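> Just the structure for this:
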Amino acid sequence: MKAIRVHEHGDYDVLRVENLPIPEPGPGQVRIKVAWGALNHLDTWVRRGVPGHRFPLPMTPGCDFSGVVDAVGAGVVTCKPGARVAVAPGHSCGVCRRCGEGKQNLCHKYGIYGETEDGGNAEFAVVDAHNVMPVPDAFPLDLAAAFPLAYLTAWHMLVKRCAVQPGDKVLIHAAGSGVSAAATQIARLHGARVFVTAGSDDKVSRGVANGAEAGVNYRENDWVPAVKEWAGRGGLDIIVDHVGVDTLPKGLWLLARGGRVVTCGVTSGAEMKLNMAPVFFKTLSVLGSTMGGLGEQKQVADLVFSGSLTPIVDSRYPLEQVADAHRRMNEREVFGKILLQVDPELK
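Residues are numbered from 1 along each chain as shown. From the prediction side, this is the model:
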């Protein structure tokens with residue numbers, strides 16, 4: 001089979017197209033003939049490397065993907081060959097207390113396809129059977145690859161970590177990212193009000209079209225006073241942040257009493273100085289969040305497949321042009337998900 005492989009960290013040229021043996025599913029596993037994949041920042045980290053973190057190279061990246069079940073291993077009764085499926089990217093031991101509680105993302109063996117073991121940037125991929133999610137016949141497989149990681153991440157941040165409520169005033173940074181686009185829709189689904197930041201007027205407009213009430217171009221204007229004016233004297237209830245040093249320290253001062261800031265990433269830098277005075281004076285919560293449980297993932301899938309949540313696609317590339325897709329992700333004009341087409345015959 002054809003697969004994308006990363007043997008060492010580096011620039012776009014480390015993404016190699018190689019021929020590998022088609023993998024065989026073991027007990028409790030299924031093999032998927034991959035139709036589509038979607039890029040996440042995690043894929044770029046696997047390519048570039050992260051200081052202080054070791055990836056098990058060589059690696060086939062790709063944590064979001066969809067396709068058709070091609071073969072099943074011993075003991076699999078939940079799906080059959082020919083089933084159209086999307087993949088829940090997070091996998092765990094399945095037997096510990098955390099897994100039993102539905103908190104698979106807190107399992108000590110938690111991993112993500114394409115990060116801790118081979119993922120879906122290949123013509124075939126093997127995953128645990130309980131990680132496959134049936135895709136309705138009328139739902140396109142490209143969109144089925146566009147939601148799992150980003151929408152689960154945003155759901156866990158807003159619903160589980162922040163307990164978003166109707167009427168909450170929510171600030172979402174970087175409106176065009178996959179997580180932020182998902183978070184905007186999820187906040188609105190729960191009756192919250194949303195303000196977004198973005199790096200261009202066009203992306204602000206698209207953020208508003210995606211459900212935000214208002215927004216600001218942070219390159220042209222100081223986002224702090226703009227947010228203050230929108231939120232009013234009461235301040236913000238929730239801030240969704242994956243930018244880091246450029247936004248999180250300032251955001252603390254904008255929160256209302258009992259407000260929450262939740263972060264799932266630090267694209268502008270992880271090391272920062274925080275003034276803790278507003279944290280205790282206003283009883284604020286500073287929350288970390290990574291992925292979510294398998295039950296949450298399937299709840300999100302039901303909302304996507306029913307049309308209550310709608311993945312946004314920025315662009316599409318054939319698998320062989322994966323380097324161009326990574327270059328596109330590095331651009332500031334991306335809004336939504338970048339997709340990789342693996343098998344043009346699977347729809």
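
> Which stretches in the stretch 151-300 of the chain count as helices?
178-189, 201-209, 223-231, 248-252, 277-281, 294-306 (DSSP state H, counting those that start in this stretch).

> what sits against residue 190?
Residue 190 makes contact with 158-159, 164-166, 168, according to CB atoms under 8 Å, 6 or more residues apart in numbering. Every residue, glycine included, has its C-beta placed from N, CA and C.

> Indicate which one of the helices of the stretch 151-300 of the chain is closest to residue 336.
Closest approach to residue 336 among the helices of the stretch 151-300 of the chain is made by helix 178-189 (5.6 Å; CB to CB).

> Now the most centrally placed residue in the chain: closest residue in space that isn't a chain neighbour?
The chain has residue 150 as the residue nearest its centroid, 2.1 Å off, counting by CA atoms, centre = their mean. Nearest residue to residue 150, sequence neighbours excluded (CB to CB, 6 or more residues apart in numbering): residue 178, at 3.6 Å.

> Please tell me how far that neighbour sits from residue 230.
24 Å (CB to CB, to the nearest Å).

> So for these two, which sits in the more crowded spot?
residue 178 (29 against 16; other CB atoms under 10 Å).

> Touching, the more buried one and residue 40? I think so.
Yes: with contact defined as CB atoms under 8 Å, residue 178 reaches residue 40; the gap is 6.5 Å.

> Name the surrounding residues that touch stretch 295-302.
Applying CB under 8 Å, 6+ apart, the external contacts of stretch 295-302 come out as 86, 88, 90, 102, 133, 147-148, 151-152, 155-156, 159-160, 309.

> Show me how to select, in PyMOL, the buried members of these.
In PyMOL syntax, the buried subset of the contacts of stretch 295-302 is picked out as below (16 or more other CB atoms under 10 Å):
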select buried, resi 86+88+90+133+147+148+151+152+155+156+159+160+309
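
> among the contacts of stretch 295-302, which are in strands?
Judged by DSSP state E, the contacts of stretch 295-302 include 86, 90, 133 as members of strands.

> got these as CSV, with pLDDT columns?
Listed next are those as CSV, based on pLDDT from 0 to 100:
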residue, pLDDT
86, 98
90, 96
133, 97
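
> Residue ranges in the stretch 1-150 of the chain under the pLDDT threshold?
Within the stretch 1-150 of the chain, no stretch has pLDDT under 70.

> domains for the chain, by residue range?
Domain assignment of the chain by automatic domain parsing yields the ranges 2-146+311-341, 151-288.

> any chance of these in CSV, plus distance to residue 296?
Formatted as CSV, the domains of the chain follow (distance: least, CB to CB, whole Å):
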stretch, distance to residue 296
domain 2-146+311-341, 8
domain 151-288, 6
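
> of all these, which lies closest to residue 347?
Ranking the domains of the chain by their distance to residue 347 (criterion: CB to CB) puts domain 2-146+311-341 first, at 6.1 Å.

> and residue 17, helix, strand or coil?
strand (DSSP: H, G, I helix; E, B strand; the rest coil).

> How many neighbouring residues does residue 16 have?
Neighbour count for residue 16, taken as other CB under 10 Å: 13.

> give the contact list for residue 206.
Counting by CB under 8 Å, 6+ apart, residue 206 makes contact with 175-176, 198, 335.

> and residue 62, helix, strand or coil?
With three-state DSSP as the basis, residue 62 sits in coil.

> neighbours of it, just the number please.
32.

> In contact with it, which residues?
By CB under 8 Å, 6+ apart, the neighbours of residue 62 are 4, 37, 43, 113-114, 119-122, 125, 340.

> backbone phi and psi for it, please?
Dihedral angles of residue 62 (phi, psi; degrees, to the nearest 10) stand at phi 110, psi 100.
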